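Visitor: let me see the structure of the following:
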Amino acid sequence: MDLYVFNFSFERIGIIDNYQQLEITINYKKHSELDLIVDATSENIDYFLNNSDDVILTKANDTSRGYIIDSAKYADASKSTIEVFCKSLGYLLNRRIIDGQQTYSGTVEDALRYFVDKNAINPSNPNRKIPNLILGNKNGFTTSTTEAFSNKYLDESLWETCVKFDLAYDILMDIANKKFIFTVWQGVDRTTEQTIRDVVVFAKEFDNVLSQNYVDDKSDYRNVCIIAGEGEGTARTYLIVNDSVTGLDRHEMFVDARDLQTENEDETTIPQDQYEAMLRERANSKLAENERVRTFETDVDYNSQFVYGVDYICGDKVTIRNDEIGVVMHTRIVTATEKYTKAGFELNIEFGSNVPKLLDKIRKVVKN
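Guide: Below is the predicted model:
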C-alpha cells in the first residue's frame, strides 16, 4: 500500500512506497489513526520532522481521507527510524474550543454543522477560522435534539453528540477544489434483520472467522442519570433521566452540569423547557458513555466471501454470531485496523462497543 504526501495547499509532494510497518485504524466513534515506521532517510526526515506541520498523508487509493501528524519519534539504534503517529483530518477541530456557552435546537445533523460553522468556518473572530474548511452536503439525519456546550474542545463535543445518536463525522479532502469538507455520516445496515441489501454474516461455521474474543463488560454501566444544572441549594435545577427503571435493574450516576446556564453567550435567556431539554441531552450523552459494553474482537479471513472495502466498511451494521456461546449480535463495525508489513497484510475488526482501555476509564471519571 503506497502513501501519498500532500501539503496543506493540496499539492502532492511525495510518495511513501517503502516502510517497515503501516497500520491504519478506521474508527466509527472517534478519530481514525495512522501509524507509520520508516527509515530515517533525508526525505523522510524532511517530511516528518522538519515540516511535519505541513504534511497530510493519504492512501494512494483513497486520497479523500487524510491524516495529519500528531507526533513523530526518531530513534537511532541499529538502524535509524522514524515512527509517525497521525490522526484523521477531523482532529483539526481539536484546535478549536466552543467559545462560551453555545446552544442549538433542531436536527442532530444541523446541530453538528452549527457548532463547526460557528467555531471554525464563520466564527465572530476571523483568527479562529480554519482555512479552506467548508460544510459538505447534508445527508438527511432528522432526529431532533437540543445540544449545549461551553468552553469544550470542538471535536470532543461533536463526538459526544455522534455517539449518542449512533452517527460519525469526518473531514474529507477535495483535492481538485482545494477544500476540507465536513460531513456527517452513518454506516449502512447489512444485517439479517433487513432485506434491502445483501447481508454480511461473520461466524466460524461460514469459515470467514479465524478467531473470536467476546467481552461483556458491565463495570461502568449506568442507565439512570441524576443531573444538576444551575443554581444553589434547593434552588438548583435537578432532573432524573430514565427514572422509571427500578430495583436491581437501576444503575444510577450523577452529573454536575453547572456549566449549562439559562443565559447564552449573547446574553439571551433560554426558556425553562429548552434548558431542561439541554440537561436531558447532557444526561443522555453521559449515559451513552456508560453503556453496557458487548463486543466481538474478531480476526476476519480477508480472503473469505466478504471483502472489506467492497462488501462492508467500518461503520456498517453486520450480523456476527458464535454458536458455541449462543450469541448473535446485529451490530456496527466500530474499528477496522489494516496492518501492512513486509510479512504481508492483516485485518482486525471490532464489532459492537469498544472495550474502554484503562486510560479512557480514568479520563471519563475525571470528566464526570
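
Visitor: wait, doesn't residue 47 sit right on residue 4?
Guide: No: Residue 47 lies out of contact with residue 4 (C-beta atoms under 8 Å); the separation is 11.4 Å. Bear in mind the C-beta positions are built from the backbone N, C-alpha and C, glycine included.

Visitor: okay, these two: which has more neighbours?
Guide: Applying other C-beta atoms under 10 Å to residue 47 and residue 4 shows that residue 47 carries more neighbours, namely 24 against 19.

Visitor: my read is the more buried one is in a helix, agree?
Guide: Yes: using DSSP: H, G, I helix; E, B strand; the rest coil, the secondary structure at residue 47 is a helix.

Visitor: shaky segments in this structure?
Guide: 353-368 (pLDDT under 70).

Visitor: with just CA atoms, put the longest helix anywhere in the chain into PDB.
Guide: For the chain, the helix reaching the highest residue count under DSSP state H is reported as helix 272-289. The C-alpha coordinates for helix 272-289 follow below in PDB (Å, rounded to 0.1, in the frame of the first residue of the first chain):
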ATOM      1  CA  GLN A 272     -37.000  26.800  31.000                       C
ATOM      2  CA  ASP A 273     -38.400  24.000  28.800                       C
ATOM      3  CA  GLN A 274     -35.400  24.400  26.400                       C
ATOM      4  CA  TYR A 275     -33.000  24.500  29.400                       C
ATOM      5  CA  GLU A 276     -34.400  21.200  30.700                       C
ATOM      6  CA  ALA A 277     -34.000  19.700  27.200                       C
ATOM      7  CA  MET A 278     -30.400  20.700  27.300                       C
ATOM      8  CA  LEU A 279     -29.900  19.000  30.600                       C
ATOM      9  CA  ARG A 280     -31.600  15.800  29.300                       C
ATOM     10  CA  GLU A 281     -29.300  15.700  26.300                       C
ATOM     11  CA  ARG A 282     -26.300  16.100  28.500                       C
ATOM     12  CA  ALA A 283     -27.600  13.300  30.700                       C
ATOM     13  CA  ASN A 284     -28.200  11.100  27.600                       C
ATOM     14  CA  SER A 285     -24.600  11.800  26.400                       C
ATOM     15  CA  LYS A 286     -23.200  10.600  29.800                       C
ATOM     16  CA  LEU A 287     -25.400   7.500  29.700                       C
ATOM     17  CA  ALA A 288     -24.200   6.800  26.200                       C
ATOM     18  CA  GLU A 289     -20.600   6.900  27.500                       C
END
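
Visitor: so which bits of it are buried?
Guide: 275-289 (16 or more other C-beta atoms under 10 Å).

Visitor: helices and strands around it, which ones?
Guide: strand 101-107, strand 144-150, helix 154-165, strand 224-228, strand 238-241, strand 252-256 (3 or more C-beta pairs under 8 Å, 6 or more residues apart in numbering; DSSP states H and E).

Visitor: what distance separates it from the centre of its chain?
Guide: The chain centre lies 20 Å from the centre of helix 272-289; the measure is C-alpha atoms, centre = their mean, to the nearest Å.

Visitor: ok, stretch 40-50 next?
Guide: On C-alpha atoms, centre = their mean, the centre of stretch 40-50 falls 29 Å from the chain's centre.

Visitor: and the contacts of it?
Guide: With C-beta atoms under 8 Å, 6 or more residues apart in numbering as the test, stretch 40-50 has contacts from 5, 14, 16, 38, 55, 69, 72, 74, 76, 80-82, 84.

Visitor: number of residues surrounding residue 21?
Guide: Using other C-beta under 10 Å, residue 21 has 15 neighbouring residues.

Visitor: from memory it sits against residue 344, does it?
Guide: No: in this structure, residue 21 is not within contact of residue 344 by C-beta under 8 Å, at 11.6 Å.

Visitor: so what sits opposite residue 101 in the bridge?
Guide: Residue 101 has the following beta-bridge partners by DSSP bridges: residue 150.

Visitor: dump the residue contacts of it.
Guide: Residues near residue 101 by C-beta under 8 Å, 6+ apart: 148, 149, 150, 151, 259, 260, 261, 263, 264, 265.

Visitor: ok, of these, which come out buried?
Guide: Looks like those have 148, 149, 150, 260, 261 buried, using 16+ other C-beta under 10 Å.

Visitor: quick one: residues contacting the second one.
Guide: Shown in contact with residue 149 (C-beta under 8 Å, 6+ apart): 98, 101, 102, 115, 157.

Visitor: tell me the spacing between it and residue 285.
Guide: Look at residue 149 and residue 285: by C-beta to C-beta, to the nearest Å, they are 10 Å apart.

Visitor: same thing with the last one?
Guide: Between residue 261 and residue 285 the distance is 17 Å, computed by C-beta to C-beta.

Visitor: how long is stretch 69-88 end to end?
Guide: 9 Å (C-alpha to C-alpha, to the nearest Å).

Visitor: for stretch 50-68, same thing?
Guide: The first residue of stretch 50-68 is 14 Å away from its last residue (C-alpha to C-alpha).

Visitor: what comes up buried for it?
Guide: Buried positions in stretch 50-68, judged by neighbour count with 16+ other C-beta under 10 Å: 52, 55, 56, 57, 58, 59, 63, 65, 66, 67, 68.

Visitor: test my guess that the first one contacts residue 73.
Guide: No: the pair residue 52 and residue 73 fails to qualify as a contact (C-beta under 8 Å) at a distance of 11.5 Å.

Visitor: okay, the contacts of residue 149 in a markdown table with distance to residue 226 next?
Guide: Listed next are the contacts of residue 149 as a markdown table, based on distance: C-beta to C-beta, whole Å:
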| residue | distance to residue 226 |
| --- | --- |
| 98 | 25 |
| 101 | 22 |
| 102 | 25 |
| 115 | 26 |
| 157 | 22 |
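
Visitor: highest neighbour count among those residues?
Guide: residue 157 (25 neighbours).

Visitor: for it, give me its contacts.
Guide: Applying C-beta under 8 Å, 6+ apart to residue 157 gives the contacts 98, 115, 147, 149.
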